[in-house]
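> The following block contains a protein sequence and its predicted model.
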Amino acid sequence: MAGTINRRSKKAGLPPGTLIHVGERKTEMVRITVIDYDEGYFQEREAKTVEECFPLKGKPIVTWINIAGLHQVDIIEKIGKQLDLHPLLLEDILNTEQRPKMEDFENYIFIILKMLYYNETTNKIKSEQVSLIFNPDLVISFQEEKGDVFNPVRETIRSGKGRIRKMGADYLAYALMDAIVDSYFIILERLGERIEYIEEELVVNPKPETLGYIHNLKREMILLRKSVWPLREVVSALERCESPLINESTCIHLRDVYDHTIQVIDTIEIFREMLSGMLDVYLSSISYRMNEIMKVLTIIATIFIPLTFIVGVYGMNFEYMPELKWRLGYPVVWVIITIISISMIAYFRKRRWL
Amino acid sequence: MAGTINRRSKKAGLPPGTLIHVGERKTEMVRITVIDYDEGYFQEREAKTVEECFPLKGKPIVTWINIAGLHQVDIIEKIGKQLDLHPLLLEDILNTEQRPKMEDFENYIFIILKMLYYNETTNKIKSEQVSLIFNPDLVISFQEEKGDVFNPVRETIRSGKGRIRKMGADYLAYALMDAIVDSYFIILERLGERIEYIEEELVVNPKPETLGYIHNLKREMILLRKSVWPLREVVSALERCESPLINESTCIHLRDVYDHTIQVIDTIEIFREMLSGMLDVYLSSISYRMNEIMKVLTIIATIFIPLTFIVGVYGMNFEYMPELKWRLGYPVVWVIITIISISMIAYFRKRRWL
Amino acid sequence: MAGTINRRSKKAGLPPGTLIHVGERKTEMVRITVIDYDEGYFQEREAKTVEECFPLKGKPIVTWINIAGLHQVDIIEKIGKQLDLHPLLLEDILNTEQRPKMEDFENYIFIILKMLYYNETTNKIKSEQVSLIFNPDLVISFQEEKGDVFNPVRETIRSGKGRIRKMGADYLAYALMDAIVDSYFIILERLGERIEYIEEELVVNPKPETLGYIHNLKREMILLRKSVWPLREVVSALERCESPLINESTCIHLRDVYDHTIQVIDTIEIFREMLSGMLDVYLSSISYRMNEIMKVLTIIATIFIPLTFIVGVYGMNFEYMPELKWRLGYPVVWVIITIISISMIAYFRKRRWL
Amino acid sequence: MAGTINRRSKKAGLPPGTLIHVGERKTEMVRITVIDYDEGYFQEREAKTVEECFPLKGKPIVTWINIAGLHQVDIIEKIGKQLDLHPLLLEDILNTEQRPKMEDFENYIFIILKMLYYNETTNKIKSEQVSLIFNPDLVISFQEEKGDVFNPVRETIRSGKGRIRKMGADYLAYALMDAIVDSYFIILERLGERIEYIEEELVVNPKPETLGYIHNLKREMILLRKSVWPLREVVSALERCESPLINESTCIHLRDVYDHTIQVIDTIEIFREMLSGMLDVYLSSISYRMNEIMKVLTIIATIFIPLTFIVGVYGMNFEYMPELKWRLGYPVVWVIITIISISMIAYFRKRRWL
Amino acid sequence: MAGTINRRSKKAGLPPGTLIHVGERKTEMVRITVIDYDEGYFQEREAKTVEECFPLKGKPIVTWINIAGLHQVDIIEKIGKQLDLHPLLLEDILNTEQRPKMEDFENYIFIILKMLYYNETTNKIKSEQVSLIFNPDLVISFQEEKGDVFNPVRETIRSGKGRIRKMGADYLAYALMDAIVDSYFIILERLGERIEYIEEELVVNPKPETLGYIHNLKREMILLRKSVWPLREVVSALERCESPLINESTCIHLRDVYDHTIQVIDTIEIFREMLSGMLDVYLSSISYRMNEIMKVLTIIATIFIPLTFIVGVYGMNFEYMPELKWRLGYPVVWVIITIISISMIAYFRKRRWL
């Protein structure tokens, strides 16, 4: 967390509009892939420079430029100039600690999303920023690293299946957002499995590590929620369909993404409640155990301490202790000891400690 | 829970609009029942194929097609084609992990609801998705399994009692929703009984299993709430009566369903608060018990440990211990022991431990 | 609670609009009282049948029909027919587990309220449903039992004091609602006294029963809130004065009822917060007590266990133990014991345990 | 609290509009003071009867009538008749358990506020109701007792400093409200000091009384909030400046009062959060202490109980115990005891108990 | 906190509009710096008196007057007269306990913000009030002390980099706000580091001081939130761009500040949740430790107390104890002791205490 803010605070003191890459991930080379398509046409190529991406094909064709890697600031700058993008928008793309948001700049729409990965070994969620810009015939997507979350979309375009090749750039933008939101379900699945695993452990053998696991999951939930909550407003704003850049038929699909987002948020909230419940169970099972331990101690101590006192009495070395001389002294002591033990056990039975 | 998300995540990576049945329940055969009725006419038949359901009778007649079982995707597809339904709608029907929702597609209205069953042996709530589509003269309902929750509605149509035969398809859709919401009260009744049972157990003999029961009920409440909360918006949107597909006279009845939904939600919230209160009682009764146990231990130990020390003193084997030679040594020790015991007991009385 | 839902769930499976009395209270006979009045005229009579109540007197006169007892469904049905009331409304009157609500049926207004009684012996709040229907010259009130909460209103009408005789049926409806809301203050007074009593007990001698009392009061609060919260919307809707059935001068009085309702809700919330605070105090006073008990045990054990060890040492029977032969062996042991005791006590002093 | 409701419940059963003084404070005599002023003119006099207050001076002059004491109901009634006030308004003035509220009766505005006093000895907040009525040239203020919170306003009018003499009655009403809200800061100051005092005590030596103090402060906060929260709406409604009775220049000043009210509410919320935090600290410091106590007990018991067993072994009186005859038996036992003690201490060191 | 309210309460009783400096920080001399600039022109000078600042240069030039130090009330008064500012505004500037707020006085806009500093040694956040007034060609900023948070802005103006020299006074006001909000990230970074440090300590060795640290951080969070929350409304109101004083191009930048403010608020909330989580972990780790301590005590006591009883038995001095004469008596006792020990350990193993 401190790291996050740290990176953000690097910018404090610079004039607004200064382009600085805030993230820490440096892929070897920024990779630019360009896909042109319409219902009949399909071309996929890798571009070395920004210039290669432009000029775009004629109007009926949709172009998707994907930029994987943000550390070469000049690339972002060139794209900004080429398409006359607002400087603050470029800044937002590079500042990878942005909240998800949507901004409508009349002739293009700008969206920031979070791609999430679940690291199985550290049980931590890694977050990557994805920015989308689209106008009627162009979508540009910016990733921090080359990920594979967009591959299904690429595959669908290549194969020409589904409706994507028949639709405009707004539908492509929707498909990319849909791919990201769909990937959240995979993370929720992993988290759900982990919660179930911990819940079982909690029943079998609660340990302080269990508490640590719960605590860590709660932290991940906090961060997850931070990434997903604002998405709701983003998709809701798009789905209201106020921009002429979004076709009405795409709106119905966006409503679908909205439903999924709500479902993700619901699930996060349910997980949070479950984790809170598990914490309660952990704490009360510790209390209960303590109770059990105390009971054992008390039963043992309460039975034997008085008995030890009695045998202590007849361990005294007074010259004049008549009982010591009695023939039946020793057996009588044993009888007394037995009576005390039995009545103690009866008392514990009555109090339901045994 | 993980299972739920699991099923949902199967879809990640597929192009939007792909029809896949996400649920796990496979009935032997999808069962299609068709009921045609108006005030004077009534016909009920079972259809083998989708084609048999159509063509529909002339206008004044209302047709109700019920499809029990979702695993034959082609059936859903055919119905979709026949009625020109939106592909995303078909997807939603098959994806049984949907939130309850309502969508107005101008010439028909689409509703997703949750049917709930309470499993007495596992004390778990099972959820089944029900989808409704209706236009002025047709209602199609999709169930995951053939349930009996719609039987009362069927019975009412058959018998011709009530107003249902005089009204349109919107009234039938209302009657189905009403039947589902009414069935929630049965679940709440079971849960209420279980809460009362646990509450009594809590007073008589709190055990760690009691905590487990409370925790499980809280979980069920979370899931129940997830199914019922969104229903509120669904019914509220219908009841606002903005669609021409819903007659005004049906609206008043929908308001009634809305009231019932609110009552269900209220009761869930009350149950949740009660369970929280019970958790508090459980925890504090454990604390109180520990207190009692500690008191017993402390009283016994505090009385006998000093006495054991005293008898230990006169168990020492020093050659020169004048007390050991005294005639009254032994009785004096008993007097001291008695005094200490009595003053200890007085002290405990004063502190209200006895 | 389970009972409540139970009664409600009796209706599941019946066609909407079926009239069934859901409550369990059967008075011997349904009692119908009719009061006709205007500024100069007053007549009070008891009716045997519904027919006797009608025809109503001429327009300037206000008629108040009070029906105490809901178990004779035919009476309700006849009134419904006579006045052409909506079937769902009649159903709501009979279903005594309704939430408080207000519905405007253009030519009459329908209100459901809850009358509350505090049972001193069981410390439980009993809730009774009251339904009001009014149009410009008629008020019909339905009670489950003949209560005395409307007596002051009757008295005011009889005596002709106040403004009630000069005003219309809307003012009478207001006066009845005012009487009900006023009666809530009596309940709050009782609850307030009980909270104060428990709070004092909590300071003097916290017992597990105290916890039970707090828990029960919290439950009553949950149920009380359920009855009163929706009232806010009811009165607020009436007070907005959008119906032509309510005169503007009555609106100001309704605003007054609204203020009282808010005050009742405020007080309930304050009571809830107080009870939560008391639970915290109870729990922490138990913790504190445990602390005190542990201190006593630890002080005694920590002083005497080492001493018992020392005297144990000289109780050993080795043949070669030089100390046993020393003349000063025994007194030296006493000196050591005294030093250990004093230093222990000094240590406890330092740690503020004594 | 019970008292509050008690007083309120006195009214239940009376017809609405009955004037009854609900408060319990009876000053010896109701004191009526009248101040007439405009920019150039100033007159202050005490009135014996209501009649003396009227007739008012000519228009340009502002008249402020202050009535200290509400137990002479006839005075309130006469003023009501003189100014043609609504009966419910008079009732509200006398019912001193009202929530703060504002009502706009077209030709005058009616405001209820709470004056608060902090009693240093009981650490309780006393609340007094203040009602204000104003039209363009008259302000009437009703107090339960003669307080001194309005003295600064009086002083400002007398001295002619500030803008008050140049402004109308609405500004005077604002000045009175401002004086009341300003007096809240004094209370918050006292409460803040008390919280700091308790916080320090919590660090130095937490006692059960400390808990009592925190609990009491929380209660006072609940009551304080009840008095101040509704004020926000009151001032907000005034500040929206929709009434022609309030000049626009006064509105800016009312916005200032609004800001102060928000600041008071913020501070109350912060105090509440601090008190919650302090409760947590108290509880966990008790837990920590218990831990410390248990550690001491465990260390002592764990070291000496085994040793006592060992010396007990050689205190047995068997005839055939070879060790007892050994020359080195006794020193060897001491060596064993030392080894056990040291290893125990090492174990505790390792577990960080020492 | 008490100090804060204290300073505020100094004002109670004074007529509104009285100018009093409420803060406690007295710099040696109030320092007035004036910067005039436009795209081509730049002049920076220090003014001794308010008169020196005026008259302003011709229209195209933007003037920024920065006043560091508020204790010379006459300076503020003179500026107020020169620019015809509202008296309440001047009061707000001097009353340094104001909430952040924005007020639109048609021909100028008035903004109050909080500058925050993190004191590394006391781990406390210090808050300083900054007021901004701007019209189309003038910005006046008031600071309590000369801080360096505006230096980057000064530097940017001097160097002529960025867009600031090309834009109007509204952009300068934005740049100052941006500088302040950016400085919050530095504080969040420090707090984030501290939270991480405490979290680690919590895992390694929870101490009561750790609790104190958490508690202090929670307090700082409460105060931080108080300073930042209202900022959201302030920036949101500005960003809605309803005033003609703010150019549309500046609005996009204000939206950026708004995003940052939301990010700060999000982070504060996340920190708060983390601290709550840490408190839970602290409390439950204490509980767990207690459990461990109790286990050790119970194991030791449960094994040795019965053994001590047994050896006590054979330490009795009865004349007729046959076992004492047996040749194998002593070894048999050891066998019994061994059996008891082993079975006890087996029992603890079974209960998972070992």
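Sure, I can see it. Bear in mind the structure is a predicted one, so any value in this text is a computation, not a measurement.
> and A:Tyr330, what does it touch?
With contacts defined as Cβ atoms under 8 Å, 6 or more residues apart in numbering or on different chains, A:Tyr330 is in contact with E:316, E:318, E:320-321. C-beta here means a position set from N, CA and C on the backbone, and glycine is covered the same way.
> The closest residue to chain E within the stretch 51-200 of chain A sits in which helix or strand?
Proximity to chain E, evaluated over the stretch 51-200 of chain A using Cβ to the nearest Cβ, is greatest for A:Leu88 at 5.2 Å. Assigned by DSSP states H and E, A:Leu88 belongs to helix A:87-94.
> what's the following helix or strand after that helix?
Moving toward the C-terminus from helix A:87-94, the next helix or strand (DSSP H and E) is strand A:101-105.
> in its sheet, what does the next helix or strand after that following strand sit against?
Using DSSP H and E, the helix or strand that follows strand A:101-105 in sequence is strand A:108-119. Note on strand A:108-119: by DSSP bridges, its sheet partners are strand A:101-105 (antiparallel), strand A:124-135 (antiparallel).
> Could you measure from A:Gln43 over to chain B?
As for A:Gln43, its distance to chain B is 20 Å (criterion: Cβ to the nearest Cβ, to the nearest Å).
> my read: that residue touches A:Ile35, true?
Yes. A:Gln43 lies in contact with A:Ile35 (Cβ atoms under 8 Å); the separation is 7.2 Å.
> buried set for the helix or strand harbouring A:Ile337?
In the assignment (DSSP H and E), A:Ile337 maps to helix A:329-350. Of the residues in helix A:329-350, A:329-330, A:333, A:337, A:344, A:348 count as buried by neighbour count, 16 or more other Cβ atoms under 10 Å in any protein chain shown.
> same check, this time on stretch A:231-250
Neighbour counts using 16+ other Cβ under 10 Å place A:231, A:234-235, A:237-239, A:241, A:245-247, A:250 of stretch A:231-250 among the buried residues.
> go on, stretch A:131-146?
Those would be A:131-135, A:137-145, for stretch A:131-146 by 16+ other Cβ under 10 Å.
> Repeat that for stretch A:157-167.
Of the residues in stretch A:157-167, A:157, A:162, A:164-165, A:167 count as buried by neighbour count, 16+ other Cβ under 10 Å.
> near chain B, from the residues you listed?
Contacts with chain B are made by A:162, A:164 out of the buried residues of stretch A:157-167, judged by Cβ under 8 Å from any Cβ of the partner chain.
> Columns secondary structure and pLDDT on top of the buried residues of stretch A:157-167, output as CSV?
As requested, those are arranged in CSV below (DSSP: H, G, I helix; E, B strand; the rest coil; pLDDT from 0 to 100):
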residue, secondary structure, pLDDT
A:Ile157, helix, 90
A:Gly162, coil, 77
A:Ile164, helix, 87
A:Arg165, helix, 87
A:Met167, coil, 88
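> What is the most widely separated pair among the buried residues of stretch A:157-167?
Spanning the widest gap among the buried residues of stretch A:157-167 are A:Ile157 and A:Met167, at 10.8 Å by Cβ to Cβ.
> Nearest residue to the closest residue to chain C within the stretch 51-200 of chain A in space, please, no chain neighbours.
Nearest to chain C in the stretch 51-200 of chain A, going by Cβ to the nearest Cβ, is A:Glu199, at a distance of 26.1 Å. Counting by Cβ to Cβ, 6 or more residues apart in numbering or on different chains, A:Glu199 lies nearest to A:Met278, which is 6.1 Å off, once chain neighbours are set aside.
> hang on, isn't the one you found packed against A:Tyr197?
No. At 11.4 Å, A:Met278 and A:Tyr197 do not qualify as touching, with contact defined as Cβ under 8 Å.
> The two: which has the busier surroundings?
Neighbour tally, A:Met278 and A:Tyr197, criterion other Cβ atoms under 10 Å in any protein chain shown: the higher count belongs to A:Met278, 24 against 12.
> show me the contacts for the more buried one.
With contact taken as Cβ under 8 Å, 6+ apart, A:Met278 is in contact with A:195, A:198-199, A:202, A:214.
> Show me how far the strand or helix carrying it is from its chain's centre.
Taking DSSP H and E as the definition, A:Met278 sits inside helix A:248-313. Put simply, helix A:248-313 sits 21 Å off its chain's centre (Cα atoms, centre = their mean, to the nearest Å).
> Following the chain onward from that helix, which element is next?
helix A:322-325.
> hmm, that next one touching chain E?
Yes. Helix A:322-325 comes into contact with chain E (Cβ under 8 Å from any Cβ), by way of A:323-325.
> Any quick PyMOL command for the buried ones out of the residues you listed?
The following PyMOL line selects those of those that are buried, judged by 16+ other Cβ under 10 Å:
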select buried, chain A and resi 323+324
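> Turn the residues of helix A:322-325 next to chain E into a markdown table, including distance to chain D.
As requested, the residues of helix A:322-325 next to chain E are exported to a markdown table (distance: Cβ to the nearest Cβ, whole Å):
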| residue | distance to chain D |
| --- | --- |
| A:Glu323 | 15 |
| A:Leu324 | 11 |
| A:Lys325 | 15 |
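> how much space between the spatially most central residue of chain A and chain E?
By Cα atoms, centre = their mean, chain A has its centre lying nearest to A:Leu224, at 3.8 Å. Using Cβ to the nearest Cβ, one obtains 11 Å as the distance from A:Leu224 to chain E.
> what about the helix or strand where that residue lies, near chain B?
Following DSSP H and E, the helix or strand that holds A:Leu224 is helix A:208-239. No. Figure legend: helix A:208-239 not in contact with chain B (Cβ under 8 Å from any Cβ); closest approach 12.1 Å.
> and that helix, what does it pack onto?
The contact analysis (3 or more Cβ pairs under 8 Å, 6 or more residues apart in numbering or on different chains; DSSP states H and E) places helix A:208-239 against strand A:101-105, strand A:108-119, strand A:124-135, helix A:169-204, helix A:248-313, helix E:248-313.
> Let's have those in TSV, adding mean pLDDT.
Below are the helices and strands packed on helix A:208-239 laid out as TSV (pLDDT from 0 to 100):
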stretch	mean pLDDT
strand A:101-105	89
strand A:108-119	90
strand A:124-135	90
helix A:169-204	89
helix A:248-313	87
helix E:248-313	87
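> that older thread, pick out the most distant pair among the buried residues of stretch A:131-146.
Put simply, by Cβ to Cβ the two of the buried residues of stretch A:131-146 set farthest apart are A:Asp137 and A:Glu145, 27.2 Å from each other.
> what does the stretch 51-200 of chain A put close to chain B?
Residues of the stretch 51-200 of chain A that fall close to chain B, judged by Cβ under 8 Å from any Cβ: A:151-153, A:156, A:161-164, A:174-175, A:178-179, A:182-183, A:185-186, A:188-189, A:192-193, A:195-196.
> just the buried members of the residues you listed?
A:152-153, A:156, A:162, A:164, A:174-175, A:178-179, A:182-183, A:185-186, A:188-189, A:192, A:195.
> and these near chain D, which?
Counting by Cβ under 8 Å from any Cβ, no member of those reaches chain D.
> Just give me the neighbour total for the residue nearest to A:Tyr314 when sequence neighbours are not counted.
Leaving aside its sequence neighbours, A:Tyr314 sits nearest to E:Met316 (Cβ to Cβ, 6+ apart; 3.9 Å). For E:Met316, the count of nearby residues is 24 (other Cβ under 10 Å).
> Just read off the phi/psi values of A:Ile65.
Backbone dihedrals for A:Ile65, given as degrees, to the nearest 10, come out at phi -100, psi 120.
> With A:Phe42 instead?
The phi and psi values for A:Phe42, taken as degrees, to the nearest 10, are phi -150, psi 130.
> in the sheet, who's paired with it?
Beta-bridge partners, per DSSP bridges, of A:Phe42: A:Tyr37.
> surely it meets A:Gly160?
Yes. In this structure A:Phe42 lies within contact range of A:Gly160 using Cβ under 8 Å: 7.2 Å.
> Find the helix or strand that A:Pro152 is a member of.
Here A:Pro152 is covered by helix A:151-159, with elements defined by DSSP H and E.
> Skipping its backbone neighbours, what lies nearest the residue in the stretch 101-250 of chain A positioned nearest to chain D in space?
Taking Cβ to the nearest Cβ as the measure, the point where the stretch 101-250 of chain A comes nearest chain D is A:Pro208, at 13.7 Å. What sits nearest to A:Pro208 in space, not counting adjacent residues and going by Cβ to Cβ, 6+ apart, is E:Tyr288, at 5.0 Å.
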